[in-house]
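>>> structure of the sequence below:
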Amino acid sequence: MDAIAAAELNTSGEIRVHIDDTCKEDVLFQAAMKFKELKMDETKLKNGVLFYLAVSDQLFAIIGDKGINEKVEPGFWDNIKETMLTYFKQGLFTEGLCTGIGLAGEKLKNHFPLATDDTDELSNEVTFNQ
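Take a look at the predicted model:
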């Protein structure tokens with residue numbers, strides 16, 4: 001996804017997007033399980049961010065790893081969710097998701113700038129479960 005690549009351009013942070021059709025558990029629990037399944041908790045600087053969406057259930061969550069969560073102000077992820085929700089309510093799902101990814105990327109860039117020896121630790125591929 002181009003939005004992920006653009007957001008990661010100036011940061012060592014890692015952003016992933018996972019899309020499910022439905023969410024069988026609490027959305028935050030499900031997102032946390034997917035975060036672990038995608039090995040996002042294994043990044044060197046603990047700076048992974050997952051955007052989790054359950055399309056049919058109209059639920060979504062944003063999960064940040066320990067490293068980024070220690071750096072962002074309280075309510076940061078909720079603010080991104082609210083911004084995304086504004087787009088989603090208008091039916092602008094791609095725009096909302098891309099905006100959220102961009103906001104997360106800016107924060108990652110501020111706290112985890114791209115290092116000269118940085119390697120892309122995780123795929124930028126969007127993952128799906130049906």
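>>> can you list contacts of stretch 105-123?
Identification of contacts with stretch 105-123 by CB atoms under 8 Å, 6 or more residues apart in numbering yields 6-16, 38-40, 42-45, 47-49, 67-68, 71-72, 76. To be clear about C-beta, it is placed using only N, CA and C from the backbone, and glycine gets the same treatment.
>>> filter those down to the buried ones.
Neighbour-count burial (16 or more other CB atoms under 10 Å) applied to the contacts of stretch 105-123 gives 7-8, 11-16, 38, 40, 43, 45, 47-49, 67-68, 72, 76.
>>> go through these and flag which are in strands.
Glu14, Ile15, Arg16, Gly48, Val49 (DSSP state E).
>>> in TSV, list those along with distance to Phe128 and pLDDT.
Listed next are these as TSV, based on distance: CB to CB, whole Å; pLDDT from 0 to 100:
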residue	distance to Phe128	pLDDT
Glu14	18	94
Ile15	16	95
Arg16	12	96
Gly48	19	95
Val49	18	97
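>>> just so I have it, where are all the helices in the chain?
2-8, 27-37, 66-69, 76-89, 93-111 (DSSP state H).
>>> send over the second one as CSV, restricted to the C-alpha atoms.
Put plainly, it is helix 27-37. Taking C-alpha atoms only, helix 27-37 is exported to CSV below (Å, rounded to 0.1, in the frame of the first residue of the first chain):
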residue,chain,number,x,y,z
VAL,A,27,-12.1,-5.3,18.6
LEU,A,28,-9.1,-4.3,20.8
PHE,A,29,-8.5,-7.9,21.8
GLN,A,30,-8.8,-9.1,18.2
ALA,A,31,-6.4,-6.4,17.1
ALA,A,32,-3.9,-7.3,19.8
MET,A,33,-4.0,-10.9,18.8
LYS,A,34,-3.4,-10.0,15.1
PHE,A,35,-0.6,-7.7,16.2
LYS,A,36,1.2,-10.6,17.8
GLU,A,37,0.3,-13.0,14.9
